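Peer 1: Quick one: sequence and predicted model below, then my questions.
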Amino acid sequence: MEIRSRAFGSSGGLRSRGAFRPCGAAGFCGAVLGAVALSCAILGAGDRGAAPPKWKLAVQAWTFHDMTLFEAIEKTRAAGVECIEAFPGQRLSREEPNVSFDHNAPVSVLAKVKKKLDREGVKLVAYGVVGLGRDEAENRKVFDFAKLMGIGTIVSEPEPGSFELIDKLAEEYGIDVAIHNHPKPSRYWSPEAVLEAVKGRSKRIGACADTGHWMRSGVNPLEALRKLEGRIVSAHFKDLGEFGNPAAHDVVWGTGKADAKALLEELHRQGFSGAVSIEYEHNWGKSLPEVAACAKFFKAVSEELSKRASGS
């Protein structure tokens, strides 16, 4: 998706297959068991993916950008998803087509959105892609809006030289900032560019891993996730029908070239606990069945990972 902001312009653990034999000496047996216990403790500490997933599934409203925000919320619930990520400037509703939802909207509009979210049983968890720069007052508009709406993550492609200010605001407000990667030649298209941007910054600032845009840029999404370990805040999750083609389009998760299951398994191994947002940029206006199929795939993988963690 493009940056659209009125304020800033358009734009797995070790498994032993052997069996223990009775020990001939109690001391030796104790030493062996002690060593095994220590090894398991070390492995358990490093293998964070051994726990059940703590992530949440969302829909990026850009998936339904040709509709109103109220319709996007309804479609999200119809797809079996309980969280949504909003983007700046989406039309509010059919009843008020000339009213937009963003961080410049009046409190009365925000109240209507909160009421609609509550009625549909959908939680607003993230907002973006929105501009953040060196103007503190303009940035505070975005953070104030996020705080008021209960949003935990702001997704942005910040201006160079703005990270000290953004880091300060993220800590002050207790809101994370996720750097999004549009395809090459955008500023943050590579994981290395994101890592350089967050160097020396708090853990409040990290990556919004857009797996599809990496594929369009010729970046292996699994390798990118591994490079960004410890810095992934959120994800715009996609599966594409082709790799390395800038014009490749979204397909249902698990049916394309991304190896979507492996990507989710890697996020789980890293202990990722943020929002995995479905951003389906294809079949505009008719994509609800595909979105629902992506949600079904995600829930199946999550259930499998939970069963592995419980040993069932």
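Peer 2: That came through, no problem.

Peer 1: Next one: the residue lying closest to residue 173 once chain neighbours are set aside from residue 72, what distance?
Peer 2: Spatial nearest neighbour of residue 173, excluding adjacent residues (C-beta to C-beta, 6 or more residues apart in numbering): residue 143 at 4.7 Å. For glycine as for every other residue, the C-beta is placed from the backbone atoms N, C-alpha and C. Distance of residue 143 to residue 72, computed by C-beta to C-beta, to the nearest Å: 23 Å.

Peer 1: Which of these two has more residues huddled nearby?
Peer 2: Legend: neighbour count by other C-beta atoms under 10 Å for residue 143 and residue 72, higher for residue 72 (26 against 22).

Peer 1: wait, what's in contact with the more buried one?
Peer 2: 59, 61, 63, 64, 65, 84, 90 (C-beta atoms under 8 Å, 6 or more residues apart in numbering).

Peer 1: tell me the secondary structure for the first one?
Peer 2: The one in question is residue 59. Of the three states, residue 59 takes strand under DSSP: H, G, I helix; E, B strand; the rest coil.

Peer 1: Touching, it and residue 75? I think so.
Peer 2: Yes: here residue 59 reaches residue 75: they are 7.5 Å apart, a contact under C-beta atoms under 8 Å.

Peer 1: residue ranges with poor pLDDT in the protein?
Peer 2: 1-49, 312 (pLDDT under 70).

Peer 1: so what are the domain limits for the protein?
Peer 2: 23-51, 53-310 (automatic domain parsing).

Peer 1: so which of the ones you listed is the most packed in?
Peer 2: domain 53-310 (a mean of 19; mean count of other C-beta atoms under 10 Å).

Peer 1: need the strands for the stretch 151-300 of the chain, in chain order.
Peer 2: All strands of the stretch 151-300 of the chain, identified by DSSP state E, counting those that start in this stretch, fall at 153-156, 176-180, 205-210, 232-237, 275-278.

Peer 1: Redo the ones you listed as JSON lines? Include distance to residue 100.
Peer 2: JSON lines is the format used below for the strands of the stretch 151-300 of the chain (distance: least, C-beta to C-beta, whole Å):
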{"stretch": "strand 153-156", "distance to residue 100": "18"}
{"stretch": "strand 176-180", "distance to residue 100": "20"}
{"stretch": "strand 205-210", "distance to residue 100": "22"}
{"stretch": "strand 232-237", "distance to residue 100": "21"}
{"stretch": "strand 275-278", "distance to residue 100": "20"}
